[in-house]
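S.K.: no FASTA, just this:
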């Protein structure tokens, strides 16, 4: 009973909107702080909610001790800005994973959307239209994925692996492998200006996260995503149009990849035809670290957001400590697998 | 309890005016296998109607036709005397017929109230921008559970955390919440222990007392004898008998199920098409 109160308070404190804080009838009173702690740490729910925040705090403390620059205003602001791209992709991936799917084409969709924006920019289109081209390209790829997964019922893995190749192929053909410089003062302000620690691109990512939190937990669509991800047959039996929900989830993920492309161009000032495959891994890793079940049905929005910030901090800190960039994939791999093991064995 | 003074072996589904639900001469095949051969039953409000029969007798297929999962090849379904045809569970639901599935169709990681309102969420908002009215849904679920005397740790508990009996109660309550006319239950206590079975039986009895029509498939004959108002016996895709429960003994029902009453071979294959000398067919095959 006592332990239940503890987890309840914690998940309340985390602002977790998921139901089920209450009632585990079999759990009776526990004695002593030791056993309480042991129960808490042995609880998979606890780790799903708290792995990313705890890891973020521990990591920040470590890096602060080792490098005085780490907590400087400029570094923190830069790290948050860096994380904004990963956050937006992780948001899309969260919905896809919550419905029990996966989108392997997310990073190459970002590439294709940037390339299309480069084409539109070169054609002299106004900036707003160029951004819409990016968004539309992403959404279109999402429609393609979603239609095949939802209605044609091809496994998500196969579909998105195919469109992974398709999108990067089209990006190369359209761009002929040549990057397009896109310099615009407005885009520049978007990724360098801001309010205090928070640059505009990070603020956009947070606004999107808040909006999608509302969609996931306070709208019917979110309930259907979690229901279909939790039990496809039951959701279907209850009348939920599962194929349609799947389709919309992939469209959402694609559109967010389009948003990421806009942010990427604002960030690096060019439309790059080379795919940044690291994006894919980092986006999935953020979602896993955020405690979202890869089997679907259970998700939070704040978890992946913190997961994305954590991974960015990890990259940044390693660089600050003088590790070569070659070490990054290794460390990220270890961290993600460790997190997954922690959440699984704790059960 | 019932106003219809049917005789012990009344086979005519049309003898009383406007039953709550009537299935007439339902035929259904799956490829080569003929699952239903002109099966006819009816069910009334405030009664528990049970369908019994051996495995493969066609019980499940028949209720799936009534709940809209299967479309009958021929035959008709009337609700309150009105001929209806529906092609999906959603359409059946629109006619006030709810089904409590054997695997319950609950979403484990959603809260109890979210499951009760699944696909029928209450919302508030402006134009197309709608938000879940969680508080109202919680209150309505709470009120329903109090009325039905269903107890769960909390309306906001995840279903995963409930016991088997509680899950069954949630599934039944959901059926009752939306089933204006009829709640169909497929083996409602098959997966439950003794104590939980007793609780669910009490719930079912209360529902019948509240005037709801319930149609049940059960293998548990003791239970059927205890709870039901009326029994239809199926064998080989046909309805071979219908009784008021208080006018038959369990032995009669068993004999009818196995075909021992008239037939020499009690283990006849359900789809071998032999007429085992059972009572006359209720209806002719007719096309819709």
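M.R.: Noted; the coordinates are in hand. Every value quoted in this text rests on a predicted model; they were computed, and no experiment measured them.
S.K.: how much space between residue B:158 and residue A:225?
M.R.: Distance, residue B:158 to residue A:225, using Cβ to Cβ, to the nearest Å: 16 Å. Glycine gets a C-beta too; all of them are placed from N, C-alpha and C.
S.K.: Neighbour count for these two, which is higher?
M.R.: residue A:225 (29 against 26; other Cβ atoms under 10 Å in any protein chain shown).
S.K.: Any idea how far the helix or strand harbouring the more buried one is from the middle of the chain?
M.R.: Per DSSP states H and E, residue A:225 falls inside helix A:220-230. Put simply, helix A:220-230 sits 18 Å off its chain's centre (Cα atoms, centre = their mean, to the nearest Å).
S.K.: Tell me the first helix or strand C-terminal of that helix.
M.R.: Criterion used, DSSP H and E; the element after helix A:220-230 is helix A:232-237.
S.K.: any residues touching that next one, and which ones?
M.R.: With contact meaning Cβ atoms under 8 Å, 6 or more residues apart in numbering or on different chains, helix A:232-237 is reached by A:100, A:224, A:227-228, A:242, B:89, B:101, B:103-107, B:118.
S.K.: who's in contact with the helix holding residue A:225?
M.R.: A:95, A:97-100, A:215-216, A:234-235, A:238, A:240, A:242, A:245-246, A:248-249, A:295-299, B:107-110, B:114, B:118-119, B:121, B:123, B:130, B:132.
S.K.: what does stretch B:160-168 give?
M.R.: A:20, A:23-25, B:104, B:106, B:108-109, B:112, B:150-153, B:159, B:170, B:188-189, B:191-193, B:195-197, B:199-200.
S.K.: List the buried residues of that stretch.
M.R.: B:160, B:161, B:162, B:163, B:165, B:166, B:167, B:168 (16 or more other Cβ atoms under 10 Å in any protein chain shown).
S.K.: And the strands in the stretch 101-250 of chain A, which stretches?
M.R.: A:180-181, A:194-195, A:198-199 (DSSP state E, counting those that start in this stretch).
S.K.: Of those strands, flag the one that's most buried.
M.R.: Of the strands of the stretch 101-250 of chain A, the one with the most neighbours on average (mean count of other Cβ atoms under 10 Å in any protein chain shown) is strand A:198-199, at a mean of 20.
S.K.: what sits up against that one?
M.R.: Contacts for strand A:198-199 (Cβ under 8 Å, 6+ apart): A:77, A:80, A:81, A:84, A:191, A:192, A:193, A:206.
S.K.: returning to what we had before: can you list the buried residues in the helix holding residue A:225?
M.R.: Buried residues in helix A:220-230 (16+ other Cβ under 10 Å): A:220, A:221, A:222, A:223, A:224, A:225, A:226, A:227, A:228, A:229, A:230.
S.K.: can you list the residues of the stretch 201-347 of chain A near chain B?
M.R.: A:214, A:218-220, A:223-224, A:226-227, A:230-231, A:233-235, A:237-240, A:297-298 (Cβ under 8 Å from any Cβ of the partner chain).
S.K.: now with 7 Å?
M.R.: A:218-220, A:223, A:226-227, A:230-231, A:234-235, A:237-240, A:297-298 (Cβ under 7 Å from any Cβ of the partner chain).
S.K.: Enumerate the residues of the stretch 1-150 of chain B near chain A.
M.R.: Near chain A, when you scan the stretch 1-150 of chain B using Cβ under 7 Å from any Cβ, you find B:89-90, B:93, B:101, B:105-111, B:114, B:118-119, B:121, B:123, B:130-132.
S.K.: Out of those, which sit inside strands?
M.R.: B:123, B:130, B:131, B:132 (DSSP state E).
S.K.: Just the buried residues out of those residues, in PyMOL syntax.
M.R.: A single PyMOL command selects the buried members of those (16+ other Cβ under 10 Å):
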select buried, chain B and resi 130+131+132
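S.K.: Mind pulling the model confidence for whichever residue of the stretch 51-200 of chain B sits closest to chain A?
M.R.: Closest residue of the stretch 51-200 of chain B to chain A, Cβ to the nearest Cβ: residue B:153 (2.7 Å). Residue B:153 carries a pLDDT value of 91.
S.K.: Scan the contacts of strand A:198-199 and report the most crowded one.
M.R.: Among the contacts of strand A:198-199, the one with the most neighbours (other Cβ under 10 Å) is residue A:84, at 28 neighbours.
S.K.: domain assignment for chain A?
M.R.: With automatic domain parsing as the criterion, the domains of chain A are listed as A:1-41, A:50-345.
S.K.: average pLDDT across the longest one?
M.R.: Along domain A:50-345, the predicted confidence averages to a pLDDT of 92.
S.K.: Show the residue spans covered by the helices in the stretch 51-200 of chain A.
M.R.: A:73-98, A:106-122, A:127-150, A:156-175, A:185-192, A:200-218 (DSSP state H, counting those that start in this stretch).
S.K.: So which of those is the most surrounded?
M.R.: With a mean of 27, the top stretch among the helices of the stretch 51-200 of chain A by mean neighbour count (mean count of other Cβ under 10 Å) is helix A:106-122.
S.K.: ok, of the contacts of helix A:220-230, which come out buried?
M.R.: By 16+ other Cβ under 10 Å, those give A:95, A:97-100, A:215-216, A:234-235, A:238, A:240, A:242, A:245-246, A:248-249, A:296-299, B:107-110, B:114, B:118-119, B:121, B:130, B:132 as buried.
S.K.: so how many other residues sit close to the residue of the stretch 51-200 of chain B closest to chain A?
M.R.: Neighbours of residue B:153 (other Cβ under 10 Å): 17.
S.K.: likewise residue A:279?
M.R.: Using other Cβ under 10 Å: residue A:279 sits among 21 other residues.
S.K.: Apart from its neighbours in sequence, what residue is nearest it?
M.R.: residue A:107 (3.8 Å; Cβ to Cβ, 6 or more residues apart in numbering or on different chains).
S.K.: Now do the contacts for that neighbour.
M.R.: A:275, A:276, A:277, A:279, A:280 (Cβ atoms under 7 Å, 6 or more residues apart in numbering or on different chains).
S.K.: What sits closest to residue A:117 if chain neighbours are left out?
M.R.: residue A:134 (4.4 Å).
S.K.: ok, the one you found touching residue A:256?
M.R.: No. The pair residue A:134 and residue A:256 does not pass the contact test of Cβ atoms under 7 Å, sitting 11.2 Å apart.
S.K.: how far does stretch A:108-116 sit from the chain's center?
M.R.: Worked out by Cα atoms, centre = their mean, stretch A:108-116 lies 18 Å from the chain centre.
S.K.: which residues are contacting whatever helix or strand residue B:25 lives in?
M.R.: Following DSSP H and E, one finds residue B:25 within strand B:21-30. Applying Cβ under 7 Å, 6+ apart, the contact partners of strand B:21-30 are B:13, B:35-43, B:61-62, B:65-66, B:70, B:72-79, B:181-182, B:283-286.
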